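Enquirer: Using only what follows, build the 3D model:
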Amino acid sequence: MQKVMALVSGLVLAPAILMSAPATAALDWDKALNGEHRSEKNKARDEFRHPRETLEFFGLKEDMTVVELSPGGGWYTEVLAPLLHDAGSYYAAHNSPNGGAYSRRSLGGYLQKLGKDNDTYGNVTVTTLGPADSVVIAPAGTADMVLAFRNVHSWMRADTLANTLLVAYDALKPGGVFGVVQHRAKDGRDPERMKATGYVSEDYIIAAARSVGFELDGRSEVNANPKDRGDYEDGVWELPPSLNTAEENREAHRAIGESDRMTLKFVKSAS
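Expert: Residues are numbered from 1 along each chain as shown. Modelled structure (predicted):
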């Protein structure tokens, strides 16, 4: 009889134990977007870069393993690092320390940013996107999401686009997401002009991604800007935030705002 009672008690208690397990905290958007770790200058760009809407479109969850390719000065790092700090993992695949002077300056500035705020960035894992023949941005098949923000034209210039797409594909789990935001050119634009201006056509990126095995899963106009005509002689850098244009054009270009951008969601086949 005592054995029966013990078994019954175990059956009754087990569900209660399962129900009391702590739930994973939801994404803390207020902390990520409005925390003191972000400068007012970077917060002001949320109007044009729409970080919450963009990451929600890609399907970001708090417990994901996420890789950001070429994070530059860390604009999106400021958002992703706190969102993934407690339950997820964040890899920043940055420049090689042996990639030349520009590469070293960019990487050095990024590392200084991380080092100045360990509470926010202490869990960031920095990996290397280069050299092209020996890249490991994260352990193969471990990432839930790989992100590329306005970098495709740079990889085209360096003739590393195909390899970069391959390493992104290799890092992802089957069913993982590859999210791309890029200055948008009209379809059919000459690739050399894309390299020169920073504007890349959707058809070019979709074809390149499909060539390594990605499947297009969705498009969003969250980062669209119909005011941007995209035909400036010196490219996207004539618009904010760079404003590398003649003084007489600056007021008009400020009124346009930042570039028109595509937002594409690809997936790695689960088969």
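
Enquirer: Which parts of this structure are strands?
Expert: Along the chain, the stretches classed as strands by DSSP state E are 65-69, 89-94, 124-128, 143-149, 172-185, 200-201, 214-220, 261-268.

Enquirer: Would you format those strands as TSV with distance to residue 232 included?
Expert: Quick note: C-beta positions are derived from backbone N, CA and C, even for glycine. TSV is the format used below for the strands of the chain (distance: least, Cβ to Cβ, whole Å):
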stretch	distance to residue 232
strand 65-69	26
strand 89-94	29
strand 124-128	33
strand 143-149	20
strand 172-185	11
strand 200-201	15
strand 214-220	24
strand 261-268	15
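
Enquirer: Reformat the ones you listed as a markdown table; add distance to residue 43, mean neighbour count and mean pLDDT.
Expert: A markdown table is the format used below for the strands of the chain (distance: least, Cβ to Cβ, whole Å; neighbours: other Cβ atoms under 10 Å; pLDDT from 0 to 100):
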| stretch | distance to residue 43 | mean neighbour count | mean pLDDT |
| --- | --- | --- | --- |
| strand 65-69 | 19 | 26 | 98 |
| strand 89-94 | 20 | 24 | 98 |
| strand 124-128 | 20 | 17 | 97 |
| strand 143-149 | 17 | 24 | 98 |
| strand 172-185 | 18 | 22 | 98 |
| strand 200-201 | 27 | 23 | 98 |
| strand 214-220 | 22 | 16 | 98 |
| strand 261-268 | 19 | 22 | 98 |
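
Enquirer: which stretches of the stretch 151-271 of the chain form helices?
Expert: 152-157, 161-171, 191-197, 202-211, 247-256 (DSSP state H, counting those that start in this stretch).

Enquirer: and those helices as CSV, adding mean neighbour count?
Expert: What follows is the helices of the stretch 151-271 of the chain, written out as CSV (neighbours: other Cβ atoms under 10 Å):
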stretch, mean neighbour count
helix 152-157, 20
helix 161-171, 22
helix 191-197, 16
helix 202-211, 16
helix 247-256, 11
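
Enquirer: Figure out which of these is closest to residue 227.
Expert: In terms of Cβ to Cβ, the element of the helices of the stretch 151-271 of the chain nearest to residue 227 is helix 247-256, at 4.6 Å.

Enquirer: which one of the strands of the chain lies closest to residue 251?
Expert: Minimum separation from residue 251 across those (Cβ to Cβ) falls at strand 172-185, 21.4 Å.

Enquirer: what angle sits between that closest one and strand 143-149?
Expert: 10 degrees (axes from the mean of the first three to the mean of the last three Cα atoms, to 10 degrees).

Enquirer: packing partners for strand 172-185?
Expert: Applying 3 or more Cβ pairs under 8 Å, 6 or more residues apart in numbering; DSSP states H and E, we find strand 172-185 packed against helix 51-58, strand 143-149, helix 152-157, helix 191-197, strand 200-201, helix 202-211, strand 261-268.
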